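Peer 1: Build me a model from this:
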Amino acid sequence: MAVKRTSNTNSRQQREQFQWTAETEAALFSAILLHGLKPVGIAKHFRMAAILDVMGKAGFNHVTAEAVWAKLDQLFNMEAVEANEVVRARPRKSAEFSLPRREFQAIVNEMKKEGNISADAVLPLPPSGSGSGIASRSSRSSTRSTPIAAKRRK
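Peer 2: This next block holds a predicted model:
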């Protein structure tokens, strides 16, 4: 079975033949701005499919992804937009989290006795130099009752 391949010249001709009107441009900008479908970043092709879906629902089924890419390239420097998106997508530093021993050691011990957690569970020491920023239990009043706090009162 032979497969007929279309050449790049055919797709260029299709792009050149497609005429953008004020209505099709408005539908494109509506999809991008109102629906939040900016076609950049790692999911740009999925967003492009969603843009075409929104435009199709608006009655513009004849618009192709190639025509939209060409229009966006004509209006914007998409390489710069893509580079800007990559800069924003950098992951933030992660920090190790640990519960303050002063606040939670008694609760952990009680849960061990009840069998809710394993007997070898230990609260790790917080990283040095990092205060929890939370006042100790004795210096503040309880604002709400928890099941463990209710058991302590009994």
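
Peer 1: quick one, helices of this protein?
Peer 2: Using DSSP state H, the helices of the chain run over residues 8-17, 22-29, 44-57, 65-75, 78-88, 101-114, 147-153.

Peer 1: Redo those helices as JSON lines? Include mean neighbour count.
Peer 2: All C-beta atoms are positioned from the backbone trio N, CA, C, and that covers glycine. Putting the helices of the chain into JSON lines (neighbours: other Cβ atoms under 10 Å) gives the following:
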{"stretch": "helix 8-17", "mean neighbour count": "11"}
{"stretch": "helix 22-29", "mean neighbour count": "15"}
{"stretch": "helix 44-57", "mean neighbour count": "16"}
{"stretch": "helix 65-75", "mean neighbour count": "15"}
{"stretch": "helix 78-88", "mean neighbour count": "11"}
{"stretch": "helix 101-114", "mean neighbour count": "14"}
{"stretch": "helix 147-153", "mean neighbour count": "10"}
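
Peer 1: Specify the stretch among these that is closest to K38.
Peer 2: helix 44-57 (6.7 Å; Cβ to Cβ).

Peer 1: Packing partners of the closest one?
Peer 2: Contacts defined by 3 or more Cβ pairs under 8 Å, 6 or more residues apart in numbering; DSSP states H and E place helix 44-57 against helix 22-29, helix 65-75.

Peer 1: could I get these as a markdown table with distance to V122?
Peer 2: A markdown table is the format used below for those (distance: least, Cβ to Cβ, whole Å):
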| stretch | distance to V122 |
| --- | --- |
| helix 22-29 | 57 |
| helix 65-75 | 55 |
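
Peer 1: Dump those into TSV; add mean pLDDT as well.
Peer 2: Shown next, in TSV, are those (pLDDT from 0 to 100):
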stretch	mean pLDDT
helix 22-29	93
helix 65-75	94
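
Peer 1: coming back round to it: can you put the helices of the chain in JSON lines and add distance to A121?
Peer 2: JSON lines is the format used below for those (distance: least, Cβ to Cβ, whole Å):
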{"stretch": "helix 8-17", "distance to A121": "62"}
{"stretch": "helix 22-29", "distance to A121": "55"}
{"stretch": "helix 44-57", "distance to A121": "42"}
{"stretch": "helix 65-75", "distance to A121": "53"}
{"stretch": "helix 78-88", "distance to A121": "39"}
{"stretch": "helix 101-114", "distance to A121": "6"}
{"stretch": "helix 147-153", "distance to A121": "15"}
